[in-house]
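Asks: predicted coordinates and the sequence they were generated for:
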Amino acid sequence: MSAITLDGLIKRYGATVAVDGLSLEVEKGEFLTLLGPSGCGKTTILQLIAGFLVPDAGQVFINGEPMAGVPPERRNIGIVFQSYALFPHMTVFENVAFGLTMRKAGREVTRHAVAEALELVRLSGLEQRFPKQLSGGQQQRVAIARAVAIRPRVLLFDEPLSNLDAKLRRQMRTELREIQRRVGITTVFVTHDQEEALTLSDRVAVMSQGRLQQVATPQEVYRRPATRFVADFLGETNALVGVVRDVDDDHLTMVVGDALLRAPAAPGLRPGARVALLVRPEHVAVRVTPTRGLNSLSGHLSQAVFQGARTAYVVRAGDAELISTADSRAGAGLGSDGVFAEWDAADSIVFALDE
């Protein structure tokens, strides 16, 4: 039995459809991230699970139990908000104990649960401090401790790291994933940050305009995106437009300008179809001589952008422009003229172009 089942959810705000017939299952103990741009419906889904919103159609199930008519306080869900929502007049202990107090837990039960939650987030000894006396990362951990102290069936996170600086955000990703693995609570995490989703998740549910585009492991959504939207949203891509010339069982050959390129075959593509070939910058190499067996476009090096450990090389090949990211040391000796942008056919992704 899944921990969370969303069955045909629809939610409208006037004429706007925020969630459009969405069905999804989250397994027990899983860390699933809802990823997508602002306005795609991911926070609305979180609020439907929590009970803050009522769907116009469809149902939410938690551990197989229908949640229709069940108020938020009876769903036994822990929630961490973007703003942390800590009470400024309460100590750390009182903030973490808040949910237990509302449930009228006994004093000893509360004391033990708070101590356990604070130890989990490495804040033992700060029980009597107030939120204003804590750093942003510490406040975030207090919010997490408050959510897990009630021992919820499900944890929901609504963009909880967006208020932190880049370095602290990376640190908190590691800590958050470690905490979730230790407690084993089913977790749904909302973010628009692709790196966050890929780092934290067991599976990623990519959304656009209220609909699911793909639900898969981080590796699969990045390496084998199901739609052009997923490919473009998760990281940078090079896009080349061409026409399919030949198709066999495993590969297709396409014409781009005066070059022939190979890629894995895609369902439904036939000779003559207009397609876009996508390849990630890290899969593209820039060389002064072509390599047999690789896709190769000749051109000139128009730009090299130093990024520290890595450099982005921009190759102009006819009407096309490709970006290659590589170890900064690998580009030593590259001149501006007469280079080849190359990649393995297996690293190509092909989508039909809309007519």
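Replies: Cool, the structure landed.

Asks: pLDDT weak spots in the stretch 251-355 of the chain?
Replies: Low-confidence segments of the stretch 251-355 of the chain, defined by pLDDT under 70: 330-336, 354-355.

Asks: apply 50 and report the result again.
Replies: Filtered on pLDDT under 50, the stretch 251-355 of the chain yields the residue ranges 355.

Asks: ditto for the stretch 1-150 of the chain
Replies: Applying pLDDT under 50 to the predicted model, the stretch 1-150 of the chain contains no residue that meets it.

Asks: does Ile144 touch Leu176 like I think?
Replies: Yes: the criterion here is C-beta atoms under 8 Å, and Ile144 meets it with Leu176 at 7.1 Å. Quick note: C-beta positions are derived from backbone N, CA and C, even for glycine.

Asks: what's the overlap in contacts for those two?
Replies: Residues within reach of Ile144 and of Leu176 at once, by C-beta atoms under 8 Å, 6 or more residues apart in numbering, are Pro160.

Asks: quick check: phi and psi at the nearest residue to Pro66 once chain neighbours are set aside.
Replies: Leaving out its chain neighbours, the residue that sits closest to Pro66 by C-beta to C-beta, 6 or more residues apart in numbering is Gln59, at 5.7 Å. With angles defined as degrees, to the nearest 10, Gln59 sits at phi -140, psi 150.

Asks: cool, Val70 as well?
Replies: For Val70, the backbone dihedrals are phi -90, psi 120 (criterion: degrees, to the nearest 10).

Asks: packing partners of the longest helix that the chain contains?
Replies: Across the chain, the helix with the greatest residue count (assigned by DSSP state H) is helix 166-183. Applying 3 or more C-beta pairs under 8 Å, 6 or more residues apart in numbering; DSSP states H and E, one finds that helix 166-183 makes contact with helix 107-120, helix 136-149, helix 194-200.

Asks: how far away from the center of its chain is stretch 45-63?
Replies: In terms of C-alpha atoms, centre = their mean, to the nearest Å, the centre of stretch 45-63 is set 21 Å apart from its chain centre.

Asks: for the residue nearest to Pro66, the count of nearby residues, please.
Replies: Number of residues near Gln59 (other C-beta atoms under 10 Å) recorded here: 15.

Asks: who does it form a beta bridge with?
Replies: For Gln59, the residues forming beta bridges with it (DSSP bridges) are Asp7.

Asks: which residues sit in contact with the spatially closest residue to Ala147 that is not a sequence neighbour?
Replies: Leaving aside its chain neighbours, Ala147 sits nearest to Gly78 (3.3 Å; criterion: C-beta to C-beta, 6+ apart). Contacts for Gly78 were tallied using C-beta under 8 Å, 6+ apart; they are Gly99, Arg146, Ala147, Val148, Ile150, Pro152, Val154, Leu155, Leu156, Ile185.

Asks: next: Asp56.
Replies: By C-beta under 8 Å, 6+ apart, the contact list for Asp56 reads Ile10, Lys11, Arg12.

Asks: list of residues touching whichever strand or helix holds Thr5?
Replies: Using DSSP states H and E, Thr5 sits within strand 4-13. Residues from elsewhere that reach strand 4-13, judged by C-beta under 8 Å, 6+ apart: 17-26, 41, 44-45, 48-49, 53, 55-62, 64, 154, 186, 188.

Asks: go through that strand and flag the buried ones.
Replies: Neighbour counts over strand 4-13 (16 or more other C-beta atoms under 10 Å) mark Ile4, Thr5, Leu6, Asp7, Leu9, Ile10, Lys11 as buried.

Asks: could you single out the nearest of these to Ala231?
Replies: Leu6 (24.8 Å; C-beta to C-beta).

Asks: distance of the closest residue to that closest one other than its chain neighbours relative to Leu297?
Replies: Using C-beta to C-beta, 6+ apart and skipping the chain neighbours, the partner closest in space to Leu6 is Leu24 (4.6 Å). Using C-beta to C-beta, to the nearest Å, one obtains 40 Å as the distance from Leu24 to Leu297.

Asks: same question for Gly268.
Replies: Relative to Leu297, Gly268 is positioned 26 Å away (C-beta to C-beta).

Asks: more neighbours, these two?
Replies: Between Gly268 and Leu297, Leu297 has the larger neighbour count (other C-beta under 10 Å), namely 23 against 7.

Asks: return the residues in contact with the residue nearest the centre of the chain.
Replies: Of all residues in the chain, the one closest to the mean position by C-alpha atoms, centre = their mean is Ala197, 2.7 Å from it. Listed by C-beta under 8 Å, 6+ apart, the contact partners of Ala197 are Thr33, Leu35, Phe189, Thr191, Val204, Pro218.

Asks: in helices, which of those fall?
Replies: Pro218.

Asks: in a markdown table: the contacts of Ala197, plus distance to Glu94 and neighbour count.
Replies: Below are those laid out as a markdown table (distance: C-beta to C-beta, whole Å; neighbours: other C-beta atoms under 10 Å):
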| residue | distance to Glu94 | neighbour count |
| --- | --- | --- |
| Thr33 | 31 | 26 |
| Leu35 | 34 | 28 |
| Phe189 | 26 | 27 |
| Thr191 | 29 | 22 |
| Val204 | 36 | 29 |
| Pro218 | 38 | 19 |
